[in-house]
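1. the sequence isn't on hand, but the structure is:
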(Lines give C-alpha, C1' and ligand atoms only; values in the text may rest on other atoms or scores of the structure.)
Protein backbone atom coordinates (compact mmCIF):
# COMPACT_ATOMS: atom_id res chain seq x y z
CA UNK A 1 0.00 0.00 0.00
CA UNK A 2 2.97 2.34 -0.44
CA UNK A 3 1.19 4.23 -3.22
CA UNK A 4 -1.78 5.13 -1.05
CA UNK A 5 0.39 5.78 1.97
CA UNK A 6 2.42 8.36 0.07
CA UNK A 7 -0.27 10.72 -1.13
CA UNK A 8 -0.89 13.99 0.69
CA UNK A 9 -4.43 14.16 2.13
CA UNK A 10 -6.60 17.20 1.61
CA UNK A 11 -7.37 19.66 4.33
CA UNK A 12 -11.02 20.01 5.22
CA UNK A 13 -11.17 23.59 3.97
CA UNK A 14 -10.06 22.77 0.44
CA UNK A 15 -12.42 22.48 -2.49
CA UNK A 16 -14.27 19.18 -2.72
CA UNK A 17 -12.82 18.09 -6.03
CA UNK A 18 -9.29 19.06 -7.03
CA UNK A 19 -7.16 16.68 -9.06
CA UNK A 20 -3.69 16.29 -7.60
CA UNK A 21 -1.60 14.39 -10.15
CA UNK A 22 1.45 12.60 -8.85
CA UNK A 23 4.41 14.49 -10.28
CA UNK A 24 6.68 11.50 -9.85
CA UNK A 25 8.60 9.36 -12.29
CA UNK A 26 7.06 5.98 -12.97
CA UNK A 27 9.06 3.38 -11.02
CA UNK A 28 11.60 1.59 -13.18
CA UNK A 29 10.20 -1.77 -14.25
CA UNK A 30 13.06 -4.27 -14.27
CA UNK A 31 10.73 -7.26 -14.09
CA UNK A 32 10.23 -7.66 -17.83
CA UNK A 33 6.44 -7.51 -17.54
CA UNK A 34 3.94 -6.25 -20.10
CA UNK A 35 0.90 -4.15 -19.12
CA UNK A 36 -2.42 -4.18 -20.95
CA UNK A 37 -5.75 -2.42 -20.43
CA UNK A 38 -8.77 -4.61 -21.04
CA UNK A 39 -12.40 -3.65 -21.54
CA UNK A 40 -15.82 -5.38 -21.56
CA UNK A 41 -16.14 -8.25 -24.05
CA UNK A 42 -12.37 -8.70 -24.10
CA UNK A 43 -11.43 -12.37 -24.39
CA UNK A 44 -9.12 -11.94 -21.39
CA UNK A 45 -12.07 -11.36 -19.02
CA UNK A 46 -12.57 -15.09 -18.46
CA UNK A 47 -8.88 -15.49 -17.72
CA UNK A 48 -9.01 -12.61 -15.21
CA UNK A 49 -11.99 -14.15 -13.37
CA UNK A 50 -10.09 -17.42 -13.01
CA UNK A 51 -6.97 -15.56 -11.82
CA UNK A 52 -8.99 -13.76 -9.12
CA UNK A 53 -10.63 -17.03 -8.07
CA UNK A 54 -7.26 -18.73 -7.71
CA UNK A 55 -5.22 -15.99 -6.04
CA UNK A 56 -7.31 -13.13 -4.60
CA UNK A 57 -6.73 -12.97 -0.84
CA UNK A 58 -5.29 -16.19 0.50
CA UNK A 59 -7.40 -19.15 -0.64
CA UNK A 60 -8.25 -21.74 0.50
CA UNK A 61 -7.74 -20.33 4.02
CA UNK A 62 -9.95 -17.37 3.09
CA UNK A 63 -13.10 -17.32 0.92
CA UNK A 64 -12.56 -17.48 -2.82
CA UNK A 65 -13.43 -14.47 -4.96
CA UNK A 66 -15.84 -15.78 -7.59
CA UNK A 67 -17.05 -12.85 -9.68
CA UNK A 68 -19.21 -13.75 -12.72
CA UNK A 69 -17.64 -12.77 -16.02
CA UNK A 70 -20.58 -10.49 -16.92
CA UNK A 71 -20.09 -8.58 -13.65
CA UNK A 72 -16.35 -8.05 -14.03
CA UNK A 73 -16.45 -4.96 -16.26
CA UNK A 74 -19.16 -2.46 -17.07
CA UNK A 75 -18.94 -0.16 -20.09
CA UNK A 76 -17.22 2.51 -18.00
CA UNK A 77 -14.82 0.29 -16.02
CA UNK A 78 -11.09 -0.14 -16.60
CA UNK A 79 -8.89 -3.11 -15.75
CA UNK A 80 -5.11 -3.28 -16.02
CA UNK A 81 -3.23 -6.57 -16.39
CA UNK A 82 0.42 -7.39 -15.84
CA UNK A 83 1.79 -10.43 -17.69
CA UNK A 84 5.13 -12.19 -17.57
CA UNK A 85 7.21 -13.21 -20.59
CA UNK A 86 5.19 -16.42 -20.93
CA UNK A 87 1.99 -14.29 -21.19
CA UNK A 88 0.62 -15.50 -17.84
CA UNK A 89 -1.22 -12.99 -15.65
CA UNK A 90 0.84 -12.01 -12.60
CA UNK A 91 -1.28 -9.09 -11.40
CA UNK A 92 -4.41 -7.04 -12.04
CA UNK A 93 -6.27 -4.00 -10.76
CA UNK A 94 -9.73 -2.66 -11.59
CA UNK A 95 -11.05 0.90 -11.72
CA UNK A 96 -14.73 0.31 -11.10
CA UNK A 97 -17.39 2.94 -11.84
CA UNK A 98 -19.58 2.99 -8.71
CA UNK A 99 -21.76 5.89 -9.85
CA UNK A 100 -22.21 9.53 -8.99
CA UNK A 101 -21.92 11.41 -5.74
CA UNK A 102 -25.46 12.72 -5.32
CA UNK A 103 -24.11 15.84 -3.64
CA UNK A 104 -22.79 17.31 -6.89
CA UNK A 105 -23.13 14.61 -9.59
CA UNK A 106 -19.38 13.93 -9.75
CA UNK A 107 -18.52 10.43 -10.95
CA UNK A 108 -16.66 8.22 -8.46
CA UNK A 109 -14.62 5.09 -9.08
CA UNK A 110 -13.46 2.33 -6.74
CA UNK A 111 -10.02 0.76 -6.88
CA UNK A 112 -10.55 -2.97 -6.37
CA UNK A 113 -9.82 -6.46 -7.75
CA UNK A 114 -6.21 -5.68 -6.81
CA UNK A 115 -4.46 -9.05 -6.92
CA UNK A 116 -0.86 -10.18 -7.34
CA UNK A 117 0.20 -13.78 -7.99
CA UNK A 118 1.80 -15.20 -4.79
CA UNK A 119 5.12 -15.81 -6.56
CA UNK A 120 5.29 -12.15 -7.61
CA UNK A 121 4.27 -10.45 -4.37
CA UNK A 122 6.78 -8.07 -2.81
CA UNK A 123 8.60 -7.47 -6.11
CA UNK A 124 7.02 -4.15 -7.10
CA UNK A 125 4.23 -5.39 -9.41
CA UNK A 126 1.55 -3.74 -7.27
CA UNK A 127 3.35 -0.41 -7.32
CA UNK A 128 3.58 -0.53 -11.11
CA UNK A 129 -0.14 -1.25 -11.44
CA UNK A 130 -1.13 1.53 -9.02
CA UNK A 131 1.05 4.19 -10.63
CA UNK A 132 -0.07 3.29 -14.13
CA UNK A 133 -3.71 3.36 -13.02
CA UNK A 134 -3.21 6.76 -11.42
CA UNK A 135 -1.65 8.24 -14.56
CA UNK A 136 -4.26 6.80 -16.93
CA UNK A 137 -7.25 7.82 -14.79
CA UNK A 138 -5.97 11.41 -14.66
CA UNK A 139 -5.29 11.36 -18.39
CA UNK A 140 -8.91 10.31 -19.02
CA UNK A 141 -10.26 12.96 -16.64
CA UNK A 142 -11.74 10.47 -14.16
CA UNK A 143 -9.40 10.92 -11.17
CA UNK A 144 -11.81 10.71 -8.23
CA UNK A 145 -11.83 7.38 -6.44
CA UNK A 146 -12.39 5.49 -3.22
CA UNK A 147 -10.70 2.39 -1.91
CA UNK A 148 -11.41 0.02 0.96
CA UNK A 149 -8.65 -0.96 3.38
CA UNK A 150 -9.35 -3.76 5.83
CA UNK A 151 -7.43 -4.25 9.07
CA UNK A 152 -5.04 -1.46 10.00
CA UNK A 153 -5.20 2.06 8.55
CA UNK A 154 -3.01 3.16 5.63
CA UNK A 155 -0.89 5.35 7.90
CA UNK A 156 -1.51 7.63 10.90
CA UNK A 157 -1.26 10.81 8.82
CA UNK A 158 -4.10 10.00 6.41
CA UNK A 159 -7.62 10.30 7.79
CA UNK A 160 -10.11 7.78 6.37
CA UNK A 161 -13.44 8.88 5.00
CA UNK A 162 -14.93 6.36 7.41
CA UNK A 163 -13.72 3.67 9.81
CA UNK A 164 -15.88 0.93 11.27
CA UNK A 165 -15.99 -2.68 12.38
CA UNK A 166 -17.40 -5.55 10.33
CA UNK A 167 -19.75 -8.04 11.93
CA UNK A 168 -21.39 -11.02 10.25
CA UNK A 169 -23.87 -13.81 10.87
CA UNK A 170 -25.72 -16.52 8.99
CA UNK A 171 -29.03 -15.60 7.39
CA UNK A 172 -32.42 -17.20 7.98
CA UNK A 173 -34.76 -18.37 5.28
CA UNK A 174 -37.11 -15.59 4.08
CA UNK A 175 -40.46 -15.55 5.88
CA UNK A 176 -43.54 -13.40 6.29
CA UNK A 177 -41.73 -11.07 8.70
CA UNK A 178 -39.16 -10.03 6.10
CA UNK A 179 -38.56 -6.48 4.91
CA UNK A 180 -40.21 -4.89 1.91
CA UNK A 181 -38.12 -5.39 -1.23
CA UNK A 182 -37.66 -2.34 -3.47
CA UNK A 183 -36.88 -2.09 -7.16
CA UNK A 184 -33.78 -0.12 -8.15
CA UNK A 185 -36.08 2.54 -9.62
CA UNK A 186 -37.89 2.97 -6.30
CA UNK A 187 -34.59 2.95 -4.42
CA UNK A 188 -33.30 5.81 -6.60
CA UNK A 189 -36.40 7.84 -5.72
CA UNK A 190 -35.79 7.29 -2.00
CA UNK A 191 -32.09 8.10 -2.36
CA UNK A 192 -32.94 11.39 -4.07
CA UNK A 193 -35.46 12.30 -1.38
CA UNK A 194 -33.01 11.42 1.37
CA UNK A 195 -30.24 13.50 -0.21
CA UNK A 196 -32.55 16.51 -0.56
CA UNK A 197 -33.51 16.23 3.11
CA UNK A 198 -29.93 15.52 4.23
CA UNK A 199 -27.56 17.46 1.92
CA UNK A 200 -24.43 16.51 3.88
CA UNK A 201 -25.06 12.76 3.61
CA UNK A 202 -22.58 10.91 1.38
CA UNK A 203 -24.48 8.94 -1.27
CA UNK A 204 -22.65 7.27 -4.16
CA UNK A 205 -24.76 5.01 -6.34
CA UNK A 206 -24.90 3.61 -9.87
CA UNK A 207 -28.45 2.62 -10.90
CA UNK A 208 -27.00 0.57 -13.79
CA UNK A 209 -25.12 -1.78 -11.48
CA UNK A 210 -26.09 -5.43 -11.73
CA UNK A 211 -25.10 -6.00 -8.12
CA UNK A 212 -27.68 -4.43 -5.79
CA UNK A 213 -30.64 -5.40 -3.64
CA UNK A 214 -32.77 -2.84 -1.81
CA UNK A 215 -34.96 -3.20 1.27
CA UNK A 216 -37.14 -0.82 3.23
CA UNK A 217 -37.81 -0.93 6.98
CA UNK A 218 -40.61 1.12 8.47
CA UNK A 219 -42.09 1.23 11.94
CA UNK A 220 -44.26 4.17 12.90
CA UNK A 221 -42.33 7.35 12.11
CA UNK A 222 -39.05 5.44 11.74
CA UNK A 223 -37.63 4.12 8.49
CA UNK A 224 -34.37 2.75 7.04
CA UNK A 225 -33.38 2.32 3.39
CA UNK A 226 -30.94 -0.61 3.15
CA UNK A 227 -28.75 -1.60 0.20
CA UNK A 228 -27.15 -5.05 0.00
CA UNK A 229 -24.57 -6.34 -2.46
CA UNK A 230 -22.88 -9.60 -3.32
CA UNK A 231 -19.26 -9.74 -2.15
CA UNK A 232 -18.67 -12.44 -4.78
CA UNK A 233 -16.78 -14.31 -2.09
CA UNK A 234 -17.62 -17.94 -1.52
CA UNK A 235 -16.61 -20.24 1.30
CA UNK A 236 -17.57 -23.89 0.86
CA UNK A 237 -20.08 -22.67 -1.76
CA UNK A 238 -21.86 -20.43 0.77
CA UNK A 239 -22.70 -16.97 -0.58
CA UNK A 240 -21.71 -13.79 1.25
CA UNK A 241 -23.45 -10.44 1.01
CA UNK A 242 -22.62 -7.09 2.60
CA UNK A 243 -24.61 -4.00 3.49
CA UNK A 244 -23.19 -0.95 1.70
CA UNK A 245 -26.10 1.47 2.15
CA UNK A 246 -27.95 2.29 5.36
CA UNK A 247 -29.98 5.51 5.44
CA UNK A 248 -31.90 6.23 8.64
CA UNK A 249 -34.72 8.60 9.45
CA UNK A 250 -34.12 11.06 12.34
CA UNK A 251 -34.41 10.00 15.99
CA UNK A 252 -33.94 6.32 15.25
CA UNK A 253 -32.99 4.23 18.30
CA UNK A 254 -30.94 1.08 18.73
CA UNK A 255 -34.17 -0.85 19.19
CA UNK A 256 -35.25 -0.07 15.60
CA UNK A 257 -31.75 -0.77 14.26
CA UNK A 258 -31.71 -4.17 15.93
CA UNK A 259 -35.16 -5.04 14.62
CA UNK A 260 -34.30 -3.89 11.09
CA UNK A 261 -31.04 -5.86 11.01
CA UNK A 262 -32.81 -8.98 12.32
CA UNK A 263 -35.51 -8.69 9.66
CA UNK A 264 -32.86 -8.10 7.01
CA UNK A 265 -31.33 -11.46 7.88
CA UNK A 266 -34.72 -13.03 7.14
CA UNK A 267 -35.08 -11.17 3.83
CA UNK A 268 -31.80 -11.46 1.93
CA UNK A 269 -30.98 -14.30 -0.45
CA UNK A 270 -27.41 -14.73 0.88
CA UNK A 271 -26.17 -17.41 3.25
CA UNK A 272 -24.10 -14.93 5.29
CA UNK A 273 -24.25 -11.16 5.62
CA UNK A 274 -21.58 -8.64 6.64
CA UNK A 275 -22.43 -5.16 7.90
CA UNK A 276 -21.21 -2.22 9.93
CA UNK A 277 -21.48 -2.98 13.64
CA UNK A 278 -23.17 0.36 14.41
CA UNK A 279 -26.15 -0.68 12.29
CA UNK A 280 -27.02 -3.84 14.17
CA UNK A 281 -26.13 -2.65 17.73
CA UNK A 282 -26.85 -6.01 19.36
CA UNK A 283 -24.13 -8.63 19.71
CA UNK A 284 -26.73 -11.39 19.62
CA UNK A 285 -25.75 -13.82 16.89
CA UNK A 286 -23.15 -11.49 15.36
CA UNK A 287 -19.42 -12.17 15.15
CA UNK A 288 -16.78 -9.48 14.74
CA UNK A 289 -14.61 -9.66 11.63
CA UNK A 290 -12.19 -6.76 12.10
CA UNK A 291 -11.85 -3.13 11.18
CA UNK A 292 -12.45 -1.52 7.78
CA UNK A 293 -11.58 1.91 6.42
CA UNK A 294 -12.91 3.79 3.39
CA UNK A 295 -10.53 6.33 1.85
CA UNK A 296 -11.10 8.97 -0.81
CA UNK A 297 -8.46 9.62 -3.44
CA UNK A 298 -8.05 13.00 -5.19
CA UNK A 299 -11.17 14.40 -3.54
CA UNK A 300 -12.30 15.03 0.00
CA UNK A 301 -15.44 14.73 2.09
CA UNK A 302 -15.87 15.80 5.68
CA UNK A 303 -16.51 12.37 7.12
CA UNK A 304 -19.51 10.07 7.15
CA UNK A 305 -22.20 9.79 9.77
CA UNK A 306 -24.41 6.91 10.84
CA UNK A 307 -26.09 6.97 7.41
CA UNK A 308 -24.30 6.64 4.08
CA UNK A 309 -24.47 4.87 0.75
CA UNK A 310 -21.30 3.55 -0.91
CA UNK A 311 -22.70 0.99 -3.32
CA UNK A 312 -19.63 -0.77 -4.62
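-> It's in. Here the structure is a predicted model, which means the values were calculated and not measured.

2. CA atoms for contacts and neighbours, from now on please.
-> Noted.

3. distance check, residue 186 against residue 88.
-> 44 Å (CA to CA, to the nearest Å).

4. got a pLDDT number for residue 272?
-> pLDDT recorded at residue 272 is 95.

5. nearest residue to it in space, please, no chain neighbours.
-> residue 170 (4.3 Å; CA to CA, 6 or more residues apart in numbering).

6. elements contacting the one helix or strand residue 187 maps to?
-> Assigned by DSSP states H and E, residue 187 belongs to helix 184-197. Judged by 3 or more CA pairs under 8 Å, 6 or more residues apart in numbering; DSSP states H and E, helix 184-197 is in contact with strand 213-219.

7. rerun at 7 Å
-> Of the remaining helices and strands, none touches helix 184-197 by 3 or more CA pairs under 7 Å, 6 or more residues apart in numbering; DSSP states H and E.

8. and the helices in the protein?
-> Along the chain, the segments classed as helices by DSSP state H run 2-6, 44-55, 69-72, 125-140, 184-197, 254-265, 277-280.

9. where does pLDDT dip in the protein?
-> 1-27, 174-177, 302-303 (pLDDT under 70).

10. could you chop it up by domain?
-> 2-150, 162-310 (automatic domain parsing).

11. for those, give me JSON lines that also has distance to residue 156 and mean neighbour count.
-> As requested, the domains of the chain are exported to JSON lines (distance: least, CA to CA, whole Å; neighbours: other CA atoms under 10 Å):
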{"stretch": "domain 2-150", "distance to residue 156": "9", "mean neighbour count": "16"}
{"stretch": "domain 162-310", "distance to residue 156": "12", "mean neighbour count": "17"}
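
12. show me the contacts for the nearest residue to residue 194 once chain neighbours are set aside.
-> Nearest non-adjacent residue to residue 194, counting by CA to CA, 6+ apart: residue 247, 7.8 Å away. Taking CA atoms under 7 Å, 6 or more residues apart in numbering, we find residue 247 in contact with 224, 225, 226, 307, 308.

13. and the residues you listed, which is closest to residue 143?
-> Using CA to CA, residue 308 is the member of the contacts of residue 247 that lies nearest residue 143, at 21.7 Å.

14. which residue sits closest to the closest one, ignoring its sequence neighbours?
-> That would be residue 202: by CA to CA, 6+ apart, it lies 5.3 Å from residue 308.

15. next one: the one you found relative to residue 121, how far apart?
-> Residue 202 is 35 Å from residue 121, by CA to CA.

16. again with residue 40
-> Using CA to CA, residue 40 is found at 27 Å from residue 121.

17. got the phi/psi numbers for the residue nearest to residue 308?
-> The phi/psi pair for residue 202 (degrees, to the nearest 10) reads phi -90, psi 110.

18. that one contacts residue 307, doesn't it?
-> No. With contact defined as CA atoms under 7 Å, residue 202 does not reach residue 307; the gap is 8.0 Å.

19. excluding sequence neighbours, find me the nearest residue to residue 143.
-> Looking at residue 143 with CA to CA, 6+ apart, the closest residue is residue 137, at 5.2 Å.

20. roughly how far does the one you found sit from residue 35?
-> 15 Å.

21. what does residue 247 give?
-> 41 Å.

22. now residue 182
-> 42 Å.

23. make CSV out of the helices of the chain and add distance to residue 81.
-> Shown next, in CSV, are the helices of the chain (distance: least, CA to CA, whole Å):
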stretch, distance to residue 81
helix 2-6, 18
helix 44-55, 8
helix 69-72, 13
helix 125-140, 8
helix 184-197, 32
helix 254-265, 37
helix 277-280, 35
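
24. mind jotting down where the strands sit in the stretch 51-200 of the chain?
-> Along the stretch 51-200 of the chain, counting by DSSP state E, counting those that start in this stretch, strands occupy 64-65, 78-83, 89-101, 106-116, 145-150, 162-170, 180-182.

25. now distance to residue 54 too, for the ones you listed, in TSV please.
-> What follows is the strands of the stretch 51-200 of the chain, written out as TSV (distance: least, CA to CA, whole Å):
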stretch	distance to residue 54
strand 64-65	7
strand 78-83	15
strand 89-101	12
strand 106-116	10
strand 145-150	20
strand 162-170	24
strand 180-182	34
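
26. for residue 81, which non-adjacent residue is spatially closest?
-> Excluding the flanking residues, the one nearest residue 81 by CA to CA, 6+ apart is residue 92, at 4.5 Å.

27. okay, how far is it across stretch 194-201, tip to tip?
-> 8 Å.

28. what about that stretch, distance to the chain center?
-> For stretch 194-201, the separation from the chain centroid amounts to 21 Å (computed by CA atoms, centre = their mean, to the nearest Å).

29. can you give me the strands in the stretch 201-312 of the chain?
-> Using DSSP E, counting those that start in this stretch, strands in the stretch 201-312 of the chain cover 203-205, 213-219, 222-235, 238-248, 272-276, 287-297, 308-310.

30. for residue 45, find the nearest of those.
-> strand 222-235 (15.7 Å).
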